[in-house]
Structures are given as structure tokens and as C-alpha cells.
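K.L.:
structure of the sequence below:
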Amino acid sequence: MKLKDMDNIPIKIVSELLHKSPQYVRIGLQQQRLPIGSAVKLSTEWTYHISYELLKNYVGEERIESYEKSKMEECY
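P.N.:
From the prediction side, this is the model:
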């Protein structure tokens, strides 16, 4: 599935795209330092939303396409 078809991009995928840990992405969203989505604390747990458009603006469409291509190659 293409990232642009997802309603919410998983933290794991974003961490791979950024070459950072999932914790880096979570903290960056919580502290509003990553302009790719939002983090909201519900009671004691955080929930995250990562927008394809914001992610594309941050890393560039070429990087996303390269990532998708590499993941497709891993399948074969």
C-alpha cells in the first residue's frame, strides 16, 4: 500500500524514513518539534496522527517514493 493511501502513517514507517528511532518520532510529535502530525495525551496514553501531506512536505516526495520502492523490492 502506498503511504498516500493511508489515513495515518505508522510511527515505525516514519522512523525508517527519517533514519531515527520510533521514540525520537514520538517525542518529536509530543513536543511539537516534528511538523508532520500531532500527538495527544488521552488520560495516561499518547495517541499520534501523522499526515501524509505534512510528511511529504517535511522529507520530500522523492524520499517517500524511494522508501516505497525499497520496501517493494524487499517483498520479492
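
K.L.:
how about the helices in the chain?
P.N.:
All helices of the chain, identified by DSSP state H, fall at 11-18, 22-30, 52-59, 61-74.

K.L.:
got any ranges where this structure has weak pLDDT?
P.N.:
Applying pLDDT under 70 to the chain flags residues 76.

K.L.:
list the contacts for the residue nearest the centre of it?
P.N.:
Nearest to the mean C-alpha position of the chain, by CA atoms, centre = their mean, lies residue 14 at 2.9 Å. By CB atoms under 8 Å, 6 or more residues apart in numbering, the contact set of residue 14 is 25, 36, 50, 55. Using the backbone N, CA and C atoms, a C-beta is placed for each residue, glycine as well.

K.L.:
which of the helices of the chain sits closest to residue 42?
P.N.:
When those are compared by CB to CB, helix 22-30 sits nearest residue 42, at 12.6 Å.

K.L.:
now do that closest one: everything it contacts.
P.N.:
Defining contact as CB under 8 Å, 6+ apart, one finds that helix 22-30 is touched by 11-12, 14-15, 18, 33-34, 36-39, 41, 46, 48, 50.

K.L.:
tally of neighbours for residue 63?
P.N.:
Residues lying near residue 63 (other CB atoms under 10 Å) number 14.

K.L.:
returning to that earlier point: JSON lines please, covering the helices of the chain and showing distance to residue 5.
P.N.:
Listed next are these as JSON lines, based on distance: least, CB to CB, whole Å:
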{"stretch": "helix 11-18", "distance to residue 5": "13"}
{"stretch": "helix 22-30", "distance to residue 5": "20"}
{"stretch": "helix 52-59", "distance to residue 5": "8"}
{"stretch": "helix 61-74", "distance to residue 5": "11"}
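
K.L.:
tell me which of these lies nearest to residue 2.
P.N.:
Minimum separation from residue 2 across those (CB to CB) falls at helix 61-74, 6.3 Å.

K.L.:
what's the angle between that closest one and helix 52-59?
P.N.:
Orientation check (axes from the mean of the first three to the mean of the last three CA atoms, to 10 degrees): helix 61-74 against helix 52-59 gives 100 degrees.

K.L.:
can you start the count at 31 instead of 1 from here on
P.N.:
Yes, from this point I'll number from 31; that puts the last item at helix 91-104.
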